[in-house]
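**Student:** Provide a 3D model corresponding to the input given below.
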Amino acid sequence: MEMIITAATVATMFFNSATSESNNYFYNAQMEDGKVETLSVMKNDCNMLTNKLQYRFVYDSQDRLSVKEALLWNERSMRWEPDYRLDYAYAEDGFSISMRKWNKKKDEYGEVTEKMDYAMVLDNVMAINHYECIKGETMELKSNMLVMNPDERLLASKWTAEAF
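**Tutor:** Modelled structure (predicted):
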């Protein structure tokens, strides 16, 4: 089972959130070649849209998500400012996501502060490991879990057969 986050996945997330009427947030996506490159999040404050967040997406040559950058709107400077960056790395059995926070003093992203590893360990079992950087030095395992994903087609076939 190949696990990847593709341009289609990002587009689906945008379209799902854009059609939700459950909150006061509005979304505007800039797309190129069928891929969401920028997603701006605005809040409806007294019938006036105000910028809140912006996400920028970068894809690799296989149309997999490789970078997601989050920016916050600065009301004073009236510009987007970096907040954090997620870097995606893919392997045969899964993928990892590394987070780096923006360092205002250095005007660049810092070292990795958190990391999540997702790996298929059995046909329908995924191992998830969460690491955090301790005192800026070493990555320490903070939590881990196994997630089971049964083959829904087989369950549906079984329930359908039993129902009749």
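**Student:** so how far is stretch 112-132 off the chain centroid?
**Tutor:** Relative to the chain's own centre, stretch 112-132 is displaced by 14 Å; criterion: C-alpha atoms, centre = their mean, to the nearest Å.
**Student:** please apply the same query to stretch 78-86.
**Tutor:** 15 Å.
**Student:** just stretch 111-122 next, same as before
**Tutor:** What separates the centre of stretch 111-122 from the centre of its chain is 13 Å, taken as C-alpha atoms, centre = their mean.
**Student:** show me the contact partners of that stretch.
**Tutor:** 1, 3, 91, 93-101, 126-133, 136, 139, 146 (C-beta atoms under 8 Å, 6 or more residues apart in numbering). All C-beta atoms are positioned from the backbone trio N, CA, C, and that covers glycine.
**Student:** could you identify the helix or strand that succeeds the longest strand along the chain?
**Tutor:** Taking DSSP state E as the criterion, the chain has its longest strand at strand 108-122. Where DSSP states H and E defines the elements, the next helix or strand beyond strand 108-122 is strand 125-134.
**Student:** does anything pack onto that next one? Which helices or strands?
**Tutor:** Contacts defined by 3 or more C-beta pairs under 8 Å, 6 or more residues apart in numbering; DSSP states H and E place strand 125-134 against strand 108-122, strand 138-148.
**Student:** want to throw these into JSON lines with distance to Asp33 and mean pLDDT?
**Tutor:** Output for these, formatted as JSON lines (distance: least, C-beta to C-beta, whole Å; pLDDT from 0 to 100):
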{"stretch": "strand 108-122", "distance to Asp33": "26", "mean pLDDT": "94"}
{"stretch": "strand 138-148", "distance to Asp33": "33", "mean pLDDT": "92"}
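**Student:** that concludes my questions; thank you for your assistance.
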